[in-house]
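In: Make a model of this:
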Amino acid sequence: QVHLVESGGGLVQAGGSLRLSCAASGDTVCISTMGWYRQAPGKERDLVATIQIVRGRNTSYLDSVKGRFTISRDNARNTVYLQMNSLKPEDTAVYYCHVTGGRSNYVCSNDVDYWGQGTQVTVSS
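Out: This next block holds a predicted model:
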């Protein structure tokens, strides 16, 4: 099992910045990718950014956050960060940490994933 603890959400004015953190604990050896999703009220959950934990540091971003958000990781601390700059009201959502990779039948599998509890980000205009 992998346990995820998120922090860093809050209320900020448009144009401001926030940094989200997600610390993974437990059986983390099989984690291959960490990332962030977000879900606004009445909308589907969208993938915001991902970063590979093994085989390099490849990243991917939602088009609407490119150039404003940066995802990074600290493997020694099993922690992923999302630096959010130039925030806009449309970035308001609950942000969820997500990891891919866990143990299934005693072997590592990317069919296993975990979610954090979510952290609220509110951007006022």
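
In: Glu6: neighbour count?
Out: Per other C-beta atoms under 10 Å, the neighbour tally for Glu6 reads 21. Backbone N, C-alpha and C define where each C-beta goes, glycine included.

In: quick one: what helix or strand has it in it?
Out: Assigning secondary structure by DSSP states H and E places Glu6 in strand 2-7.

In: Can you mark which positions in that strand are buried?
Out: For strand 2-7, burial by neighbour count (16 or more other C-beta atoms under 10 Å) applies to 2, 4, 6.

In: from those, which single one is nearest Ser124?
Out: For Ser124, the nearest member of the buried residues of strand 2-7 is Glu6. The distance, counting by C-beta to C-beta, is 21.0 Å.

In: ok, back up a step: just checking, what packs against the strand holding Glu6?
Out: Helices and strands touching strand 2-7, as assessed by 3 or more C-beta pairs under 8 Å, 6 or more residues apart in numbering; DSSP states H and E, comprise strand 18-26, strand 93-104, strand 107-115.

In: okay, that strand in PDB with CA atoms only?
Out: These are the backbone C-alpha positions of strand 2-7, laid out as PDB (Å, rounded to 0.1, in the frame of the first residue of the first chain):
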ATOM      1  CA  VAL A   2       1.100   3.600  -0.700                       C
ATOM      2  CA  HIS A   3      -0.200   6.500   1.400                       C
ATOM      3  CA  LEU A   4      -0.200  10.000  -0.100                       C
ATOM      4  CA  VAL A   5      -0.300  13.200   1.900                       C
ATOM      5  CA  GLU A   6      -0.900  16.400   0.100                       C
ATOM      6  CA  SER A   7      -0.300  20.000   1.300                       C
END
